[in-house]
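# generate a structure from the sequence data that follows.
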Amino acid sequence: FYINNRSGEHTRILQFRGQGKLNYFHGEAARNNVFLFNTVKKIPDLWKEDSLTVDAYARFYLQHFNRGSYQQEGNCLYIKTQQQATRIPGVYRNGFLLFPKSFEETWDRDSFERYNFVSF
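From the prediction side, this is the model:
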């Protein structure tokens, strides 16, 4: 996982899964959500007994779990935090990444920020 050095609603976590697949978490609860989604990969039978829990978890998952993609050439990257999102350029260095502060279409107006590698 790579986490930027910001907090609150500006927190971003990138998880590169290989073969161009990317998981993206953002917001105040991003750190907790990445733990949850990587622990509960499949709804356990215990929770399946209660349809309200299953429905609530499904809504929570859809709201907070973003699947994107990435491309890499040498130390240069492109990421997309959602399938329909704009590609965002970045740079890989040993132990950290650099991406623009803004992931909006006007990303070139801001400086880049560092995402440090963190093992969960």
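
# contacts, neighbours, all on C-alpha from now
Noted.

# in the chain, where is pLDDT below threshold?
Scanning the chain with the threshold set as pLDDT under 70 gives 105-106.

# please name the bridge partners of the residue most central in space within it.
Nearest residue to the geometric centre of the chain (CA atoms, centre = their mean): Y24, 1.5 Å. Going by DSSP bridges, Y24 is paired in beta bridges with L14, N66.

# again with L97
Taking DSSP bridges as the rule, L97 bridges to Y92, Y115.

# is it true that it touches P89?
No: using CA atoms under 8 Å, L97 is not in contact with P89, being 10.6 Å away.

# where do the strands sit along the chain?
Assigned by DSSP state E, the chain shows strands spanning 2-4, 12-18, 21-26, 66-73, 76-80, 88-93, 96-100, 112-117.

# count the neighbours of the residue nearest to F1 when sequence neighbours are not counted for me.
Nearest residue to F1, sequence neighbours excluded (CA to CA, 6 or more residues apart in numbering): Q15, at 4.7 Å. Residues lying near Q15 (other CA atoms under 10 Å) number 17.

# same check on the one 5 residues further on?
Other residues within reach of G20, judged by other CA under 10 Å, total 13.

# and it, what is it in contact with?
S69, Y70, Q71 (CA atoms under 8 Å, 6 or more residues apart in numbering).

# list phi and psi for the most far-flung residue of the chain relative to its centre.
Of all residues in the chain, E49 has its C-alpha farthest from the mean position, at 30.1 Å, by CA atoms, centre = their mean. Phi and psi for E49, reported as degrees, to the nearest 10, are phi -70, psi -20.
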